[in-house]
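Colleague: generate a structure from the sequence data that follows.
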Amino acid sequence: MSPVSTLSSGVQLQHAVKGAASAEVRFLENANRHVVWVDIDAEYHRGALSAEASGVIANAATIALNQRIPLVLAMASSGADILEGIAALHGWGQAARAIANCSGVIPTFTIVTGPAVSGPALLIGLSDFVIMTADSYAFVSGPTMVAEFTGIAISNEDLGGTDAHAKQSGVASLVVPDFAAAVESLEQLLSFIPNNVDELAPHVGTGDPSDRLTPEAGALIPESTTGSYDVRKIIRSIADDDYLFEVRERWASNVITAFITIDGESVGVIANQPMVLAGTLDIPASQKAARFVSFCDAFNIPLLTLVDTPGFYPGKDLEWRGMIRHGGQLVFAYARATVPRVCIILRKSYGGAYIVMDSKTMGNDLCLAWPTAELAVMGAGQAAAILQRRATPEERAAFETDYTERLLNPYIAAERGYVDAVINPEETRREISSAFAMLRDKRERLMPRKHDNTPL
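Modeller: Have a look, this model is predicted:
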């Protein structure tokens, strides 16, 4: 590889002549996009980052930011170079700051193809999306440190393998078999995402009519209010060509975050998943949804929210671990989002979760409900347990029937303006497509301030 790569505009990226990192501008043919690509070579000192190598990363991030094109970091690193001492740490800090400066301006991606240890592991945490190959692993403190401090022996895989990061930590947006699959996934992701904050996502050609009816969507809702179903099937019925690209599928699977297109335009979808924890919101689900909402808002991707949740998952452990703070992250993400936002209430929408899942109060542009929607502080059974504690079984049954008929149906909310319209499920795709077409030119003036202070 030559020491310098030149983009048509005359931009140059200097490669590390001595070190683990190299950078170049690559053209991804399948995505039809230019990206700034940084390679961390695992063959050189096991990918240990010298000050020079970190400088290459920082320079590449700065060039990507100035040129307004995505940054891709292909990572296999054993950590900062121990032999360089403080110089290596200083270089890593420069790289971290440069990547952080890209946040919200250009999309950033990391492909982990081997180890990502210590400081380099934290670079992963700065990325918008992380793609891990099957044999990769990442952690800040390795098995040796864990054993020394805790006395517990653990393997690289158990501590920071793909299974841990896909299901437990949420670090891995996608897990793929190998590097070739990682590049393919990256190209698929890029098809939904613009180059930078000043652009819109590329239009995707489709022969799927925007006014196609979706009777299969409503048929998925069980007759029993406690019955479960796979909300992905509803998302696919709405999407162009039934195609859905899900991210962080295995983490907090009680909420779905995915990209689709409608009428060829990219849309980010957040949906409660009744098949897992009945679609309730807990800490990981709130974090996952908030991060996705924030990303889509930063890069001008409209948001579609599909609601079917009985509320927040109860429990002492959740409350002690900060359910209030983390639930606040999702509230905050929706409240500050300025992209076009459409909310569809499929079935249950109770209590605080009603507010959190992009309700009218949170500022969505259009809120629609299916006839099966139930909007209330809580369900009939919960209300009876509180208000009819001393009643006979017959009195409680009568109370629940009356409560359901008077308060749970969506028409009450529609009369009061909390729902814009009650639609038949078969009209869902047509209504969403029409709404996003109308909102395509939506712009909001942002409040002048240094930055907001999101709950963390």
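
Colleague: from here on, just use CA atoms for contacts and neighbour counts.
Modeller: Will do.

Colleague: how about the contacts made by Leu281?
Modeller: 254-255, 309, 311-313, 353 (Cα atoms under 8 Å, 6 or more residues apart in numbering).

Colleague: what does Thr206 give?
Modeller: When contacts are counted by Cα under 8 Å, 6+ apart, Thr206 touches 240-241, 263-264.

Colleague: same deal with Thr257?
Modeller: Contacts of Thr257 by Cα under 8 Å, 6+ apart are 246-249, 268-271, 288-289, 292.

Colleague: what do you get for Glu43?
Modeller: Ala20.

Colleague: assign it to one of the three secondary structure states.
Modeller: Of the three states, Glu43 takes coil according to DSSP: H, G, I helix; E, B strand; the rest coil.

Colleague: on that earlier part again, could I get the contacts of Leu281 as CSV with secondary structure, pLDDT and distance to Lys442?
Modeller: Compiled in CSV, the contacts of Leu281 are given as follows (DSSP: H, G, I helix; E, B strand; the rest coil; pLDDT from 0 to 100; distance: Cα to Cα, whole Å):
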residue, secondary structure, pLDDT, distance to Lys442
Asn254, coil, 97, 31
Val255, strand, 98, 27
Thr309, strand, 94, 29
Gly311, coil, 89, 31
Phe312, strand, 91, 32
Tyr313, coil, 89, 35
Ala353, helix, 84, 26
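
Colleague: now, of those, which are buried?
Modeller: Listed as buried from the contacts of Leu281 are 254-255, 309, 311-313, 353; burial here means 16 or more other Cα atoms under 10 Å.

Colleague: ok, the residues you listed vs Ala74, which is closest?
Modeller: Val255 (28.6 Å; Cα to Cα).

Colleague: who does that closest one bridge with?
Modeller: Asn272 (DSSP bridges).

Colleague: and it, what does it touch?
Modeller: Here Val255 is in contact with 270-273, 279, 281, 285, 288-289 (Cα under 8 Å, 6+ apart).

Colleague: over to Val276?
Modeller: 253-254.

Colleague: kindly recompute the last result at 10 Å.
Modeller: Residues in contact with Val276 (Cα atoms under 10 Å, 6 or more residues apart in numbering) are 228-230, 252-255.

Colleague: same deal with Thr162?
Modeller: 112, 131-138, 168-169, 171-172, 174-176.

Colleague: list buried residues within the contacts of Val276.
Modeller: Buried among the contacts of Val276 (16+ other Cα under 10 Å): 228-229, 252-255.

Colleague: mind putting these into JSON lines with distance to Glu157?
Modeller: Listed next are those as JSON lines, based on distance: Cα to Cα, whole Å:
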{"residue": "Ser228", "distance to Glu157": "34"}
{"residue": "Tyr229", "distance to Glu157": "33"}
{"residue": "Ala252", "distance to Glu157": "20"}
{"residue": "Ser253", "distance to Glu157": "22"}
{"residue": "Asn254", "distance to Glu157": "25"}
{"residue": "Val255", "distance to Glu157": "26"}
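
Colleague: of those residues, just say which sits nearest to Leu318.
Modeller: Closest to Leu318, out of all of the buried ones among the contacts of Val276 and judged by Cα to Cα, is Ala252, at 13.8 Å.

Colleague: can you classify the closest one by secondary structure?
Modeller: Quick answer, by three-state DSSP: Ala252 is coil.

Colleague: let me know the pLDDT of it.
Modeller: Listed pLDDT for Ala252 reads 97.

Colleague: give the residue farthest from the middle of the protein.
Modeller: Distance from the centre of the chain peaks at Thr392, with 47.0 Å (Cα atoms, centre = their mean).

Colleague: so what's it up against?
Modeller: Counting by Cα under 10 Å, 6+ apart, Thr392 has contacts Ala398.

Colleague: how close does it sit to Leu281?
Modeller: Applying Cα to Cα, to the nearest Å, the value for Thr392 to Leu281 is 33 Å.

Colleague: Phe312 reaches Pro284, doesn't it?
Modeller: No. The criterion here is Cα atoms under 10 Å, and Phe312 misses it with Pro284 at 11.6 Å.

Colleague: so what sits against both of the two?
Modeller: Taking Cα under 10 Å, 6+ apart as the contact rule, Phe312 and Pro284 both touch 323, 327.

Colleague: which phi and psi does the closest residue to Glu265 other than its chain neighbours have?
Modeller: Closest residue in space to Glu265, ignoring its immediate chain neighbours: His203 at 5.4 Å, by Cα to Cα, 6 or more residues apart in numbering. With angles defined as degrees, to the nearest 10, His203 sits at phi -70, psi 140.

Colleague: correct me, but His203 touches Gly264?
Modeller: Yes. Using Cα under 10 Å, His203 is in contact with Gly264, at 5.4 Å.
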